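Engineer: Have a look at this fold, sequence not included:
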């Protein structure tokens with residue numbers, strides 16, 4: 001290691017002093033090998049983590065089976081199936097969350113509330129609000 005460092009250091013010293021830069025004929029080949037090594041390490045790392053995650057998933061599934069817990073995706077699929085089953089036999093359209101007539105008269109309600117408040121105000125204030 002120190003031998004490699006010292007060789008690199010002397011090359012750098014020569015460059016700093018104004019020496020010509022040495023061209024490495026195998027530079028492209030070395031760079032390609034380095035890139036390939038990096039890709040291979042990355043693939044090994046991904047495989048390692050995929051294996052670890054698979055082991056964790058097996059453990060999670062064991063716990064789910066033991067305690068009767070369902071995955072989020074399973075719950076959503078069951079809820080969707082239940083909605084479709086309910087709608088399948090129905091000839092009417094799906095029910096609305098708000099029954100008709102509950103939210104339609106908002107403006108009229110506000111006016112009637114304002115009128116009610118004005119009724120309980122003293123006479124001169126009633127005149128101000130009526131204008």
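Structural biologist: Received the coordinates, thanks. This structure is a prediction, so every number in the text was calculated from the model and none was measured.

Engineer: quick one: the helices in this protein?
Structural biologist: Here the chain has its helices, by DSSP state H, at 2-16, 27-67, 72-88, 106-119, 123-130.

Engineer: Let me have those in TSV, extended by mean neighbour count and mean pLDDT.
Structural biologist: (Glycine included, C-beta is placed from N, CA and C.) Listed next are the helices of the chain as TSV, based on neighbours: other Cβ atoms under 10 Å; pLDDT from 0 to 100:
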stretch	mean neighbour count	mean pLDDT
helix 2-16	10	54
helix 27-67	10	95
helix 72-88	10	82
helix 106-119	10	67
helix 123-130	9	72
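
Engineer: Could you double-check that residue 69 lies in contact with residue 63?
Structural biologist: Yes: at 7.2 Å, residue 69 counts as touching residue 63 under the criterion of Cβ atoms under 8 Å.

Engineer: Other residues contacting stretch 75-82?
Structural biologist: With contacts defined as Cβ atoms under 8 Å, 6 or more residues apart in numbering, stretch 75-82 is touched by residue 70.

Engineer: same question, stretch 62-72
Structural biologist: residue 78.

Engineer: what do you get for stretch 122-131?
Structural biologist: So stretch 122-131 is in contact with 114, 118-119, 121, going by Cβ under 8 Å, 6+ apart.

Engineer: Kindly recompute the last result at 7 Å.
Structural biologist: Outside of stretch 122-131, the residues within contact range by Cβ atoms under 7 Å, 6 or more residues apart in numbering are residue 118.

Engineer: separation between residue 64 and residue 73?
Structural biologist: 12 Å (Cβ to Cβ, to the nearest Å).

Engineer: Residue 43 too?
Structural biologist: Taking Cβ to Cβ, one finds residue 43 at 29 Å from residue 73.

Engineer: go on, residue 79?
Structural biologist: Taken as Cβ to Cβ, the span from residue 79 to residue 73 is 11 Å.

Engineer: what do you get for residue 117?
Structural biologist: Distance from residue 117 to residue 73, by Cβ to Cβ: 53 Å.
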